[in-house]
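K.L.:
Next input, structure requested:
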Amino acid sequence: MLARRGFLGLMAGALVPAAGLAPRFALADTAAAAPAIVATTGMIADAARALTGLPVTALIGPGMDPHGHRPTRNDILTLSRADLVLWHGLNLEAQFADLMAGLSQKASVLAVAETLPADLLLADPAYPDRPDPHIWFDPALWSQATLAMEPALSVFASDVAARGAEYRASVDAMARYAKEVLGTIPVSSPLLITAHDAFAYFGRAFGLEVEGVQGISTDSEAGLSRIAELVDLLVDRQVPAVFVESSVSDRALRALIEGAAARGHTVRIGGELFSDAMGPEGSYEGTWVGMMDHNATTIARALGGTAPERGASGRLAANG
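P.N.:
The predicted model follows:
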């Protein structure tokens, strides 16, 4: 993990306060209304809430796709009133790029994932000059990203460092659980096939081969050759399950199942994974830890491994 000083240096370029302007909320204003902290994704909002103990608005909620989400009038109004804006960057919320560039001229804006060193990032296979943005699926990278958020959030709460250390301890604990249960998948079935290519960091972190039907962006379309290629993999490797995603259509996955069946191999839907969005607000699966618990448990059980039905601490929703 990078030293804190290194992250503070990276912050200088990523967090751009308006010249001559101070945030509308400071630690001295504790009797005033809570600050307006806005995040684009649920993952960032969850971390910011954990680090501050304060309310944080997430613009792109459960079941929503950040790749194609266009800012609404309400989004723009919410962002314009924010004391701090936390967005992911790395082209995840591609439709927000121009808006954030303008907003950074007059408000405090942090592109969380862009604080990470480039040599730790995976490339988008379709665009080698672009990094894969799905860094929250690597617990080590996610911990580093949350550490980079601390200076910006410390303006609004006095115990961010202590809360951050506690949050990262929970990230580490979940990483150990995921490594344990995913390690029980038989060597013959460590192939994870999902609706789109969001799990490369997950595969790198936990030793799984990963294939997505669509590319890194859900705007891409799977052609017939890609479907045929994946059907070959399913049949040749006798993979028992593929996985749908909560924010992506399952149409292409159904085509895989039908293609494999036509060749005499039965493939089932192993479960629904959380990829670009987490579970419902207020639920365990609506936190980063709960999302990872759900995904690791679901994948391990569907691919022939061993994992408790209700997850690491018995908190997963029934049949979840």
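K.L.:
From here on, just use CA atoms for contacts and neighbour counts.
P.N.:
Noted.
K.L.:
what does stretch 168-186 contact?
P.N.:
The contact list for stretch 168-186, computed with CA atoms under 8 Å, 6 or more residues apart in numbering, reads 139-140, 143, 206, 289, 292-293, 296-297, 299-300, 303-307, 312.
K.L.:
Mind checking which of those residues are in helices?
P.N.:
Judged by DSSP state H, the subset of the contacts of stretch 168-186 located in helices is P139, A140, S143, F206, V289, M292, D293, A296, T297, I299, A300.
K.L.:
where does the closest residue to the fourth one other than its chain neighbours sit relative to N295, distance-wise?
P.N.:
Read it as F206. Counting by CA to CA, 6 or more residues apart in numbering, F206 lies nearest to K179, which is 5.7 Å off, once chain neighbours are set aside. Counting by CA to CA, to the nearest Å, the separation of K179 from N295 is 12 Å.
K.L.:
again with V244
P.N.:
Plainly put, V244 is 11 Å away from N295 if you go by CA to CA.
K.L.:
Are there residues contacting both of the two? Which ones?
P.N.:
L273.
K.L.:
Could you check stretch 48-60 and say which residues are buried?
P.N.:
A48, R49, A50, L51, T52, P55, V56, T57, A58, L59, I60 (16 or more other CA atoms under 10 Å).
K.L.:
coming back round to it: just the closest of the ones in helices among the contacts of stretch 168-186 to T194, please.
P.N.:
I299 (10.5 Å; CA to CA).
K.L.:
related to what we said a few turns ago, comparing K179 and N295, which shows the higher neighbour count?
P.N.:
The neighbour comparison of K179 against N295 (other CA atoms under 10 Å) goes to N295, with 21 against 14.
K.L.:
tell me the contacts of that one?
P.N.:
L273, F274.
K.L.:
what do you get for the one 5 residues further on?
P.N.:
In this structure, A300 makes contact with V181, L182, T184, I185, T306, A307, judged by CA under 8 Å, 6+ apart.
K.L.:
Could you count how many residues lie near the last one?
P.N.:
What it means is A307. Neighbours around A307, by other CA under 10 Å: 22.
K.L.:
Tell me how far it lies from L273.
P.N.:
A307 sits 16 Å away from L273, going by CA to CA.
K.L.:
Reformat the ones in helices among the contacts of stretch 168-186 as CSV; add distance to G68.
P.N.:
Formatted as CSV, these follow (distance: CA to CA, whole Å):
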residue, distance to G68
P139, 25
A140, 27
S143, 26
F206, 28
V289, 25
M292, 23
D293, 26
A296, 26
T297, 28
I299, 26
A300, 30
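K.L.:
Out of those residues, the closest to D232 would be?
P.N.:
I299 (20.6 Å).
K.L.:
Neighbours of the closest one, how many?
P.N.:
With other CA under 10 Å as criterion, I299 counts 26.
K.L.:
So what's the gap between stretch 119-136 and the chain middle?
P.N.:
14 Å (CA atoms, centre = their mean, to the nearest Å).
K.L.:
Give me the buried stretch members for that stretch, please.
P.N.:
Applying a neighbour-count criterion of 16+ other CA under 10 Å, one finds L121, L122, A123, D124, P131, D132, P133, H134, I135, W136 buried in stretch 119-136.
K.L.:
Ramachandran angles for the residue nearest to S80 when sequence neighbours are not counted?
P.N.:
The shortest distance from S80 to any non-neighbouring residue, by CA to CA, 6+ apart, is to L103 (7.5 Å). Phi and psi for L103, reported as degrees, to the nearest 10, are phi -60, psi -30.
K.L.:
mind checking how far L103 is from L79?
P.N.:
From L103 to L79 the distance is 8 Å (CA to CA).
K.L.:
Please say which of the two ends up with more neighbours.
P.N.:
L79 (26 against 19).
K.L.:
Can you list the helices and strands that the one helix or strand the more buried one maps to packs against?
P.N.:
Using DSSP states H and E, L79 maps to helix 73-80. Helix 73-80 sits against no helix or strand, with contacts defined as 3 or more CA pairs under 8 Å, 6 or more residues apart in numbering; DSSP states H and E.
K.L.:
what comes up buried for that helix?
P.N.:
Quick answer for helix 73-80 (16+ other CA under 10 Å): T78, L79.
K.L.:
on contacts alone, who are the packing partners of the helix or strand just after that helix?
P.N.:
As assigned by DSSP H and E, the chain's next helix or strand after helix 73-80 is strand 84-87. Packed against strand 84-87 by the contact rule (3+ CA pairs under 8 Å, 6+ apart) you find strand 37-41, strand 109-111.
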